[in-house]
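Asker: Give me a model of this one.
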Amino acid sequence: MAGLAFGLLTILSGGTALFGSDAARAAVGNAVPFVLWFNFLAGFAYVAAAVGLLMRRRWGLWLSVAIVIATALVFIAFGIQVQLGGLFEMRTVGAMILRMGVWGIIALVARRSLSGR
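Answerer: Model prediction:
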């Protein structure tokens with residue numbers, strides 16, 4: 001499932017950015033620490049939600065919805081940090097949009113699938 005792969009890749013990339021070599025950490029540039037930590041930890045929620053959905057459990061749907069909401073809230077906080085003049089990487093904007101979009105679609109498909117539509 002896409003959500004499971006997305007989660008595992010998120011954990012891998014976030015873990016490398018947070019705990020990797022000096023070169024790996026330097027490659028993230030002006031990453032915003034709270035966004036980086038959120039995305040890394042969210043990877044574990046992605047995996048859990050994907051497992052729940054694969055098992056056709058409603059909690060997998062609700063966790064998917066919570067992921068979208070939490071990502072939107074962190075994106076808003078990121079926007080505030082940028083407006084206050086904080087350093088950031090433009091790729092973070094794209095990554096946050098991608099994360100919200102992927103999990104929004106997963107939640108919509110899961111809702112239809114679990115409700116039998």
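Asker: pLDDT of stretch 76-92, averaged?
Answerer: Regarding stretch 76-92, the rounded mean pLDDT is 96.
Asker: now stretch 18-38
Answerer: Averaging pLDDT along stretch 18-38 gives 93.
Asker: Flag every buried residue along that stretch.
Answerer: Neighbour-count burial for stretch 18-38 flags Leu18, Val28, Ala31, Val32, Val35, Leu36, Phe38 (criterion: 16 or more other CB atoms under 10 Å). For the C-beta atoms, the positions are set from N, CA and C on the backbone; glycine is no exception.
Asker: Ala45 sits in which helix or strand?
Answerer: Applying DSSP states H and E as the criterion places Ala45 in helix 33-54.
Asker: Quick check: buried residues in that helix?
Answerer: Across helix 33-54, burial judged by 16+ other CB under 10 Å covers 35-36, 38-40, 42-43, 45-53.
Asker: what's the following helix or strand after that helix?
Answerer: Following helix 33-54 in sequence order, the next helix or strand is helix 58-83 (DSSP H and E).
Asker: before we move on, the earlier item: report the angle between the helix holding Ala45 and helix 58-83.
Answerer: Helix 33-54 and helix 58-83 are oriented at 160 degrees to each other (axes from the mean of the first three to the mean of the last three CA atoms, to 10 degrees).
Asker: who does helix 33-54 touch, helix- and strand-wise?
Answerer: The helices and strands touching helix 33-54, judged by 3 or more CB pairs under 8 Å, 6 or more residues apart in numbering; DSSP states H and E, are helix 2-19, helix 58-83, helix 90-115.
Asker: coming back round to it: export the buried residues of stretch 18-38 to TSV and tack on distance to Val102?
Answerer: Below are these laid out as TSV (distance: CB to CB, whole Å):
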residue	distance to Val102
Leu18	21
Val28	20
Ala31	20
Val32	20
Val35	16
Leu36	18
Phe38	15
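Asker: pull the CA atoms of stretch 12-30 into CSV?
Answerer: Extracted C-alpha coordinates of stretch 12-30, given in CSV (Å, rounded to 0.1, in the frame of the first residue of the first chain):
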residue,chain,number,x,y,z
LEU,A,12,14.2,6.6,6.6
SER,A,13,14.6,10.1,5.2
GLY,A,14,13.7,11.9,8.5
GLY,A,15,16.0,9.6,10.4
THR,A,16,18.9,10.3,8.1
ALA,A,17,18.3,14.0,8.3
LEU,A,18,18.1,13.9,12.1
PHE,A,19,20.6,11.2,13.0
GLY,A,20,22.7,10.7,9.9
SER,A,21,26.3,11.7,9.1
ASP,A,22,27.4,15.3,9.2
ALA,A,23,27.0,15.5,5.5
ALA,A,24,23.5,14.1,5.6
ARG,A,25,22.5,16.6,8.2
ALA,A,26,24.1,19.4,6.3
ALA,A,27,22.2,18.4,3.2
VAL,A,28,18.9,19.4,4.8
GLY,A,29,20.0,23.1,4.7
ASN,A,30,17.8,25.5,6.6
